[in-house]
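Trainee: Let me see the structure of the following:
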Amino acid sequence: MVVLIVVIVIVVLLALGLWAAYNGLVKKRNRTQEAWSEIDVELKRRHDLIPNLVSTVQGYAAHEKGTFEAVTQARANAVSAGATGDPGQIAPAENALSGALRSLFAVAENYPQLRAVESFLQLQETLTATEDKIEYARRYYNTSARDYNIALQTFPRNLIAGPFGFKAVAFFSTDEDDRAVPQVSFSGSGPGAVSAAPSPAAGPPSEGPPPGTGDQGPPPAG
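Mentor: Predicted coordinates:
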């Protein structure tokens, strides 16, 4: 009788342990999905800004056809990669887009008269804010993904991860040189000169969600 009671107690404790482990994985996976949804929203906002930005600069530098085509193609590639929902594919495409934007802003720097174009200034300001939000969201997502992936590899969660469909997720990484769109400073301009560039984020990854983080959006994986 005593042996039976001991066995029952052990089984109950194991069940409680597995229940807690499962719920912990669900919580971490949901947090990762929530973090990714914020990146997804801001990336789409970035993609929507680029055609207008190209069109505005093109009005003053129509002969820079190669640059405009490169930006347009990089944007198309980024949109296609975004449709996969896989950070491992999206990150390289977004890095390439950042490089193309760097070239576009380099062209814009040669045309200081753009500083008088209100639509161009508004686009720069909006793109700056969007890039900053992407960087904050990226840090939060990578922190969440790290914690989730570690949880998948630790005992006893690793015993239930596979059977219950929990899968590791990829990090959303950026190249060191692509973490900010280059600054556009109009040389020789007087007061009111414009410096428009998404400022690089600084500091360690944030443990909390960025402002405006939503619950919607496709999961990155698993």
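Trainee: And the helices in this protein, which stretches?
Mentor: Under the criterion DSSP state H, helices of the chain are mapped to 2-58, 65-82, 87-109, 118-153, 157-161.
Trainee: Taking helix 2-58 as reference, get the angle to the fourth one.
Mentor: In this structure, helix 118-153 runs at an angle of 160 degrees to helix 2-58, with axes from the mean of the first three to the mean of the last three C-alpha atoms, to 10 degrees as the basis.
Trainee: For helix 118-153, name the packing helices and strands.
Mentor: Helix 118-153 makes packing contacts with helix 2-58, helix 87-109, helix 157-161 when contacts are defined by 3 or more C-beta pairs under 8 Å, 6 or more residues apart in numbering; DSSP states H and E. Every C-beta, even on glycine, is put in place using the N, C-alpha and C of the backbone.
Trainee: hang on, Leu18 packs against Pro156?
Mentor: Yes: applying C-beta atoms under 8 Å, one finds Leu18 in contact with Pro156, separated by 6.7 Å.
Trainee: ok, and what's touching the helix or strand bottoming out on mean pLDDT in the chain?
Mentor: The helix or strand with the lowest mean pLDDT-type score in the chain, counting by mean pLDDT, DSSP states H and E, is helix 157-161 (a mean of 87). Residues from elsewhere that reach helix 157-161 (C-beta atoms under 8 Å, 6 or more residues apart in numbering): Leu18, Ala21, Tyr22, Gly24, Leu25, Ala151, Leu152, Phe166, Lys167.
Trainee: Closest one of those to Trp36?
Mentor: Closest approach between the contacts of helix 157-161 and Trp36, by C-beta to C-beta: Lys167, at 13.8 Å.
Trainee: What about that closest one, how many residues nearby?
Mentor: Lys167 has 14 neighbours, counted by other C-beta atoms under 10 Å.
Trainee: Per-residue confidence, it, what does it come out as?
Mentor: As predicted, Lys167 sits at a pLDDT of 92.
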